[in-house]
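Peer 1: here is my input, please return the structure:
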Amino acid sequence: MVKSPFLLGQRHPRYTFALVALLVCAYWFFFTAPPPPRPVVYKHNHELKARLDREERKYRDMLPQRQELITKYGPTPSQVAMFPPDQEPWPPYTVWDFFPPVFNCPHELDRLGALGDGGKWMCGASRIESKPDCVVYSFGMDSSYSFETTLLQSTHFCEVWIYDSTKGEDARRQIPHSLRHRAHFGKLALGASDKHGPGDEPKTWTLKSLMSENGHSHVDFIRIDVEGWEWETFRGIINDFTTERASPPQAANADADTPGASGWYVRERDGVLPFGQLQIELHVWNQRFQDFLEWWELLEASGLRPFHSEINLVYANYNRHSGVELAEYSFLNIRGDNAFVKDYDLEKPEPEHPPPTEQSA
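Peer 2: Got it, this is the predicted structure:
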């Protein structure tokens, strides 16, 4: 005769407890586990392409004005002072006036993070709010992790890779415990070349090598604050992902002090940088205007457009003898199909019960 499991439970209570525990676990697993991420669905923006085209035309129209300003105070880039001396004729400009962020963000513009030092500006944060494969890189930390924390709180699936040459996994405690499973830390520096062998200190990685190591083909948002190493580092990034476009024969012997048809002194570049947005702090210590101009135009020729800038007045306040040498710029990458410039149609879910066909009817 087969024994009833209830009778077995009365004779062996431990079996009853085990059965109840198994049923509870099964219920929790099948009925309370979070659903898997769904494919990203962007809010359809019918005007996105038109807005981007309009902003690009406006940006290109600004380039001759920059050249006029260079001619006025140069007349060549090598003759333009970054910060004119406090003496007659007191020319009314600083280096930042040559590089205005006139490309308007085509989405909402938000500042994520704390007020004052630490917060960063982002264009279209809603575009990555529910993006399952959202990837963010953040290089160079100080004492504030408010931007990274706010971004994690504002998105469902974004994962943030935080790198600093002086901090490692011990920085994890700066992120709230409930968000740490989406934050990754590494003690390394971002550079123009790979130097991360046993004897290299600090360990330096290029963006290309780091993305390959992490298995990433794209980065949605990248933040860089590398204390003056941005000039060399970003030249390396541009050379790794883009190539210089060949110039027509008549332009090969053009005057180096005269911009080309594009409005830039540098040649346009082919290729797509692997990120959608860039937020970077620029440190113009000991920079010459002609070098700054060339570096900036490399970014423009590679598809980056500035949509916001913020002078670091905290640094200026404590270094009044040196001037406003630090500024944070936010760039949108207008090339490729990143989440901020590529629009998608709304996905229509398949009906659970398809309508009957004529044959089945």
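
Peer 1: any weak-confidence spans in the stretch 1-150 of the chain?
Peer 2: Low-confidence segments of the stretch 1-150 of the chain (pLDDT under 70): 1-45, 142-143.

Peer 1: check the secondary structure at the residue nearest to Asn214 when sequence neighbours are not counted for me.
Peer 2: In space, and not counting its chain neighbours, Asn214 is closest to Trp161: 6.6 Å by CB to CB, 6 or more residues apart in numbering. In this view, the C-beta of every residue, glycine as well, is placed from N, C-alpha and C. Classification of Trp161 by DSSP: H, G, I helix; E, B strand; the rest coil places it in strand.

Peer 1: tell me, how many neighbours does Trp161 end up with?
Peer 2: Applying other CB atoms under 10 Å, we find 20 residues neighbouring Trp161.

Peer 1: which residues touch Arg60?
Peer 2: Residues near Arg60 by CB atoms under 8 Å, 6 or more residues apart in numbering: Gly263.

Peer 1: actually, Leu298.
Peer 2: Residues near Leu298 by CB under 8 Å, 6+ apart: 234-235, 238, 266, 269.

Peer 1: what about it, which helix or strand?
Peer 2: Element membership for Leu298 (DSSP states H and E) is helix 289-301.

Peer 1: in that helix, which residues are buried?
Peer 2: By 16 or more other CB atoms under 10 Å, the buried positions in helix 289-301 come out as 289-290, 292-301.

Peer 1: now render these as a markdown table, adding pLDDT.
Peer 2: Output for the buried residues of helix 289-301, formatted as a markdown table (pLDDT from 0 to 100):
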| residue | pLDDT |
| --- | --- |
| Phe289 | 97 |
| Gln290 | 97 |
| Phe292 | 97 |
| Leu293 | 97 |
| Glu294 | 96 |
| Trp295 | 97 |
| Trp296 | 97 |
| Glu297 | 96 |
| Leu298 | 96 |
| Leu299 | 97 |
| Glu300 | 97 |
| Ala301 | 96 |
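
Peer 1: buried ones among the contacts of Leu298?
Peer 2: Among these, those classed as buried by 16+ other CB under 10 Å are 234, 238, 266, 269.

Peer 1: among these, which are in helices?
Peer 2: Per DSSP state H, helices hold the following members of these: 234, 238.

Peer 1: could I get the full set of helices for the stretch 1-150 of the chain?
Peer 2: 5-11, 13-27, 48-73, 146-154 (DSSP state H, counting those that start in this stretch).

Peer 1: tell me, how many neighbours does Pro84 end up with?
Peer 2: 15.

Peer 1: and it, what does it touch?
Peer 2: By CB under 8 Å, 6+ apart, the residues touching Pro84 are 73, 90-91, 93-94.

Peer 1: state the distance from it to Trp205.
Peer 2: From Pro84 across to Trp205, the span is 39 Å (CB to CB, to the nearest Å).

Peer 1: what of Leu313?
Peer 2: Applying CB to CB, the value for Leu313 to Trp205 is 32 Å.

Peer 1: the two: who's more crowded?
Peer 2: Higher neighbour count among Leu313 and Trp205: Trp205, with 22 against 13, using other CB under 10 Å.

Peer 1: and that one, what are its bridge partners?
Peer 2: Beta-bridge pairing for Trp205 (DSSP bridges): Leu190.

Peer 1: isn't it right up against Ala192?
Peer 2: No: Trp205 is beyond contact range of Ala192, at 10.5 Å (criterion: CB atoms under 8 Å).

Peer 1: so what's Phe221 up against?
Peer 2: Contacts of Phe221 by CB under 8 Å, 6+ apart are 122, 128, 136-137, 151, 275-277, 279.

Peer 1: and those as a markdown table, adding distance to Tyr59 and neighbour count?
Peer 2: Formatted as a markdown table, the contacts of Phe221 follow (distance: CB to CB, whole Å; neighbours: other CB atoms under 10 Å):
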| residue | distance to Tyr59 | neighbour count |
| --- | --- | --- |
| Met122 | 19 | 29 |
| Ile128 | 24 | 27 |
| Val136 | 26 | 24 |
| Tyr137 | 26 | 22 |
| Leu151 | 27 | 24 |
| Phe275 | 19 | 25 |
| Gly276 | 18 | 27 |
| Gln277 | 16 | 29 |
| Gln279 | 19 | 22 |
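
Peer 1: among the residues you listed, which are in strands?
Peer 2: 122, 136-137, 275-277, 279 (DSSP state E).

Peer 1: out of those residues, name the two that are farthest from one another.
Peer 2: Met122 and Tyr137 (13.8 Å; CB to CB).

Peer 1: quick check: Ser322 vs Lys342, distance?
Peer 2: Ser322 is 42 Å from Lys342, by CB to CB.

Peer 1: the strands in the stretch 251-361 of the chain, which residues?
Peer 2: Along the stretch 251-361 of the chain, counting by DSSP state E, counting those that start in this stretch, strands occupy 269-271, 275-283, 304-311, 326-333.

Peer 1: quick one, which of those is nearest to Arg111?
Peer 2: Comparing the strands of the stretch 251-361 of the chain under CB to CB, the one sitting nearest is strand 304-311, at 9.1 Å.
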